[in-house]
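S.K.: Give the three-dimensional model of this entry:
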Amino acid sequence: MAISVSEDYIRVYRAWNSKEYQVYYPLKKNGRFLTEEELLQTLEEAQAKDVELAQRQRAHFMRKDLSVERLIHTDGRIVGLKERVRHREGRKPAHVFEIRVNSEELSKPRFRTISIDRHGYDKAFALSVDIICKERGLDKHSPVRKMMLESVYIYKGMSPKDGEKVLNPRDDLSEMERSIREHVEAFKEKRPVIKG
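M.R.: Purely as a prediction, here's the structure:
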């Protein structure tokens, strides 16, 4: 509950999207303190407003958790999914996908591993995506899930068209940087900057 009480007012506050939303309920009316009935009514209004603001805050964080930017990196890799070779003493190295899901609803991040050696690369990748979608509350038919499944080519280091051409991440990065810089320069040319 985000309610604070002072001598003169009850303050209800919540913050999301770098903004703080506040509502004040005065405890004085015409220079006198509220009666007990008026005070209880004001407190009920404040609690109702707190519930409303909490719902809006939760809805904002849920939308933010399910946005594409929070689920897929700019290079196409999935947030919270890494391919690793796990070395343990007394065992042979295991090729796995490590999953780390952290959302606003969870107090701690959740970790899982899916064995590539046991399931095969494509099935292990699909299982990993399914686990991430389940933890984040995404539907199996959502377009974001489809985008995640298509990123298997990035993890394999192959082009999705021919399946054999190996991508060079340095070339992709420089091309992306170049296109961003061209966009910024074009924007500067279109919009003159007024210096004060």
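
S.K.: Would you map out the domains in the protein?
M.R.: Here the domain parsing of the chain from automatic domain parsing is 3-62, 76-186.

S.K.: from the chain's centre, how far out does the longest one sit?
M.R.: It stands for domain 76-186. 16 Å (CA atoms, centre = their mean, to the nearest Å).

S.K.: can you give me the helices for the chain?
M.R.: Secondary structure of the chain (DSSP state H): helices at 36-65, 68-71, 116-119, 121-136, 143-150, 152-156, 169-190.

S.K.: buried residues in the fourth one?
M.R.: By that I understand helix 121-136. Using 16 or more other CB atoms under 10 Å as the test for burial, helix 121-136 gives A124, F125, A126, L127, S128, V129, D130, I131, I132, C133, E135, R136. All C-beta spots, glycine's among them, are computed from the backbone N, C-alpha and C.

S.K.: try the fifth one
M.R.: Using 16+ other CB under 10 Å as the burial criterion, the residues of helix 143-150 that qualify are V144, R145, M148.

S.K.: Quick check: of those residues, which lies closest to H87?
M.R.: Taking CB to CB as the measure, H87 lies nearest M148 of the buried residues of helix 143-150, at 27.6 Å.

S.K.: for that closest one, what are its contacts?
M.R.: Listed by CB atoms under 8 Å, 6 or more residues apart in numbering, the contact partners of M148 are L71, I72, I78, V129, I132, C133.

S.K.: Farthest-apart pair in those, please.
M.R.: The widest separation within these (CB to CB) is 12.2 Å, between I72 and C133.

S.K.: what distance separates the start and the end of stretch 12-30?
M.R.: Across stretch 12-30, the terminal residues are separated by 22 Å (CA to CA, to the nearest Å).

S.K.: So what touches it?
M.R.: Contacts for stretch 12-30 (CB under 8 Å, 6+ apart): 2-4, 7-11, 33-34, 38-39, 42, 45-46, 49-50, 53-54, 56-57, 60-61.

S.K.: With stretch 40-53 instead?
M.R.: Residues from elsewhere that reach stretch 40-53 (CB under 8 Å, 6+ apart): M1, A2, I3, I10, V12, Y13, R14, Y21, V23, Y25, L27, L34.

S.K.: how about 7 Å then?
M.R.: Outside stretch 40-53, the residues that touch it by CB atoms under 7 Å, 6 or more residues apart in numbering are M1, A2, I3, I10, V12, R14, Y21, V23, Y25, L34.

S.K.: Sort out which residues of that stretch are buried, please.
M.R.: T42, L43, A46, K49, D50, L53.

S.K.: Dump the domains of the chain into JSON lines; add mean pLDDT as well.
M.R.: Shown next, in JSON lines, are the domains of the chain (pLDDT from 0 to 100):
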{"stretch": "domain 3-62", "mean pLDDT": "86"}
{"stretch": "domain 76-186", "mean pLDDT": "77"}
